[in-house]
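# Predicted model and sequence follow; I will ask about them next.
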Amino acid sequence: MIATISSATVLGVTGHPVRVEVHVANGLPAFNVVGQPDSSCREARDRTRAAIVSSKLTWPQARITVNLAPSALRKVGAHLDLAMALGILAASDQVPVEALDGIGVLGELGLDGSIRRLAGAVPLVDAVVGRRLVIPAASAVEAMVVGNHEVLPAFDLVGVVACLRGEVEWSRPPSVHPAPPPRSVPDLADVQGQPVARLAVEVAAAGGHNLLLIGPPGAGKTMLAQRLPGVLPPLDAVDSLEATRVHSAAGLTLPADGLIRHPPYRAPHHGASAVAMVGGGSATLRPGEISLATNGVLFLDELAEFPSSVLDALRQPLEEGVIRVSRASASATLPARFLLVGAMNPCPCGDGRGTDCRCTDAQRARYRRRLSGPLADRFDLRLEMGVPAVDELLTARRSETSIAVAARVLAARQRARTRGYRCNADIPASELDQFGALDVDATATLERALSDGTLSARGMHRLRRVALTLADLDERDRVARSDVVSALSMRASMAVMV
């Protein structure tokens, strides 16, 4: 007899529907799984047998074949266990086959028949075909976030079988958790001094511009980067679900209500490998740090200490907003739309060209070459910072709070949305004349910067977007000369800065 159950598998951050076809026939007892299962899928033979026997159900002494269709797609993970077990019970007449019509099934089985929480529940649920969905009770909240199915929480195999036989009613899904209270984030008011750097952080948040901070230890680079997420607006419904999908696919813990509502903040160590940064590394093609930072901030502290190959791998995602990961067994396109913030010392010793600097010109040149020109050009804002003065550090007067800055950032973002874009950094070069028209003085200033080699062609377009953001923050419809001058002052030459 044959039984077919709808389920799913995940590749990267995308779920794919899977049909679990189970055939039970006379012959020598055997259990074979076909259809490109990975090792965790093949191990389901032992888990499902132990779970069925532990649940006081009958293991058929027959030839069992499980086909995971479509066969061209590699199946990864243990979340197909429950579908296999129910297919075996249905094909051996222990569960009515018609009871499985219109039902999708996801769940990993324990040897005692318990059903365990899923990793990657959000993309899996999104791909399952069926009006109703049987899912581990611990993953029910994530399933409800997707909102495509009637969620049927399951605790163990015995309970699922009893429900399918009509002996008991399905458990009711959990009540929707209220949105968690606003998170506690570091306040921009904690930063003493550094007015230009604070403005650069505000501009980066308002326009989605990549930011590079260069200065000696103690200048406040890390403090500023950590406070940038606190001035970003909350995620809208689309961006929130995208960030939730990525974090779920990576197996990370989600908030109590199952939805990421605030921009993620990722700060990997400078020893991170290229695979850890861009993703992949196995048959699952797990999301990397740049995908986990989608719709949020990726902060690379000690930027010059990252391997050059890792830094250069960021160039294409910064332009396209996605990363294409290809392996011999599979390939996937992962989201990678993030705001990049880098921080580095001016030289190996950290003092720059101060009186205590011990670095030679050759050492500074080698240190500068760790950050390639094409990557440096992708930073819209490049700022040289110094150590705050003593009177600035000891003053009792607090700087402007993150709440006040966030209000201006939100207003600037809303102006960008009226143009049809999420933020000014997304505006294509062909539309800058329409949305960011320059007055006569601003045009002349830009021409001089291009003539003396201060700006490249790509740098010009990035600078115009920054100038437009400055105009938005001042609630002006036209870019003035002062905006271009301010944008130029926050885009210093790498040769001068390092």
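It's in.
# Skipping adjacent residues, who's closest to V168 in space?
Spatial nearest neighbour of V168, chain neighbours left out: A162 (4.8 Å); criterion: C-beta to C-beta, 6 or more residues apart in numbering. Quick note: C-beta positions are derived from backbone N, CA and C, even for glycine.
# which other residues reach the helix or strand hosting that neighbour?
Secondary structure assignment for A162, by DSSP states H and E: helix 157-164. Helix 157-164 has contacts (C-beta atoms under 8 Å, 6 or more residues apart in numbering) with 51-52, 55-57, 82, 85-86, 89, 94-96, 99-100, 109, 113-115, 134, 152, 154, 168-171.
# same question, stretch 133-144
82, 103-108, 115-118, 121-122, 125, 149-155, 160, 171, 173-174, 176-177, 248, 254, 256-258.
# so of these, which ones are in strands?
Using DSSP state E, the members of these that fall in strands are 103-105, 108, 115-116, 150-154.
# Any chance of JSON lines for the residues you listed, columns distance to L212 and neighbour count?
Listed next are these as JSON lines, based on distance: C-beta to C-beta, whole Å; neighbours: other C-beta atoms under 10 Å:
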{"residue": "I103", "distance to L212": "52", "neighbour count": "21"}
{"residue": "G104", "distance to L212": "47", "neighbour count": "26"}
{"residue": "V105", "distance to L212": "49", "neighbour count": "28"}
{"residue": "E108", "distance to L212": "44", "neighbour count": "22"}
{"residue": "I115", "distance to L212": "48", "neighbour count": "27"}
{"residue": "R116", "distance to L212": "44", "neighbour count": "16"}
{"residue": "E150", "distance to L212": "49", "neighbour count": "13"}
{"residue": "V151", "distance to L212": "45", "neighbour count": "25"}
{"residue": "L152", "distance to L212": "50", "neighbour count": "21"}
{"residue": "P153", "distance to L212": "48", "neighbour count": "22"}
{"residue": "A154", "distance to L212": "50", "neighbour count": "25"}
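# Which residue, neighbours along the chain excluded, lies closest to V129?
Once flanking residues are discounted, V129 sits nearest to S6: 4.6 Å by C-beta to C-beta, 6+ apart.
# G102 now?
Nearest to G102 is R131, by C-beta to C-beta, 6+ apart, at 4.8 Å.
# Settle this for me: the one you found is touching H149, isn't it.
Yes: between R131 and H149 there is a contact at 6.7 Å, judged by C-beta atoms under 8 Å.
# okay, the most centrally placed residue in the chain: pLDDT?
Taking C-alpha atoms, centre = their mean as the criterion, L292 is the residue nearest the geometric centre of the chain, at 2.6 Å. pLDDT recorded at L292 is 96.
# and what of the one 3 residues further on?
In the prediction, the pLDDT value recorded for N295 is 95.
# Renumber starting at 31 from here on
All set: I'll call the first residue 31, so the last point we hit is now N325.
# Can you give me every residue that contacts it?
So N325 contacts 265, 269-270, 272-273, 293-294, 367-368 (C-beta under 8 Å, 6+ apart).
# Just give the closest residue to it, not the sequence neighbours.
Of all residues not flanking N325 in the chain, D269 sits nearest, at 4.4 Å (C-beta to C-beta, 6+ apart).
# Please name every helix or strand in contact with the helix or strand encompassing the one you found.
Element membership for D269 (DSSP H and E) is helix 267-279. On a contact count with 3 or more C-beta pairs under 8 Å, 6 or more residues apart in numbering; DSSP states H and E, helix 267-279 meets helix 151-157, helix 170-176, strand 316-317, helix 319-322, strand 361-365.
# Give me the mean pLDDT for the third one.
Spelled out, it's strand 316-317. The model assigns strand 316-317 a mean pLDDT of 90.
# got it, and the second one?
Per-residue confidence for helix 170-176 averages out to 89 on the pLDDT scale.
# What is the distance between that helix and the centre of its chain?
On the basis of C-alpha atoms, centre = their mean, to the nearest Å, helix 170-176 is displaced by 18 Å from the centre of the chain it belongs to.
# Can I get that helix in PDB, CA atoms only?
Presented in PDB, the C-alpha positions along helix 170-176 are these (Å, rounded to 0.1, in the frame of the first residue of the first chain):
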ATOM      1  CA  ALA A 170       3.900  26.500  16.700                       C
ATOM      2  CA  VAL A 171       4.500  30.200  17.300                       C
ATOM      3  CA  GLU A 172       6.900  30.400  14.400                       C
ATOM      4  CA  ALA A 173       4.400  28.600  12.200                       C
ATOM      5  CA  MET A 174       1.800  31.100  13.100                       C
ATOM      6  CA  VAL A 175       4.100  33.900  12.100                       C
ATOM      7  CA  VAL A 176       3.900  32.700   8.500                       C
END
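# List the contacts of R228.
Contacts of R228 (C-beta under 8 Å, 6+ apart): 218, 221, 254, 429-430, 435.
# Farthest-apart pair in the residues you listed, please.
L254 and E430 (13.2 Å; C-beta to C-beta).
# Residues in contact with both of these two, list them for me.
By C-beta under 8 Å, 6+ apart, the residues touching both L254 and E430 are 218, 228.
# Against N178, how distant is the closest residue to L110 other than its chain neighbours?
Distances taken as C-beta to C-beta, 6+ apart put S37 closest to L110, at 5.5 Å, once the chain neighbours are dropped. Taking C-beta to C-beta, to the nearest Å as the measure, S37 falls 14 Å from N178.
# Which one of these two is surrounded by more residues?
S37 (29 against 16; other C-beta atoms under 10 Å).
# Would it be right to say that the more buried one lies in a helix?
No: using DSSP: H, G, I helix; E, B strand; the rest coil, the assignment for S37 is strand, not a helix.
# Please name the residues that touch it.
Contacts of S37 by C-beta under 8 Å, 6+ apart are 47-50, 109-110, 113, 134-136, 158.
# who's it bridged to?
Applying DSSP bridges to S37 yields these beta-bridge partners: V48.
# sorry, back to before: from memory the residue nearest to the centre of the chain sits against R275, does it?
No: L322 sits out of contact with R275 when judged by C-beta under 8 Å, with a separation of 11.2 Å.
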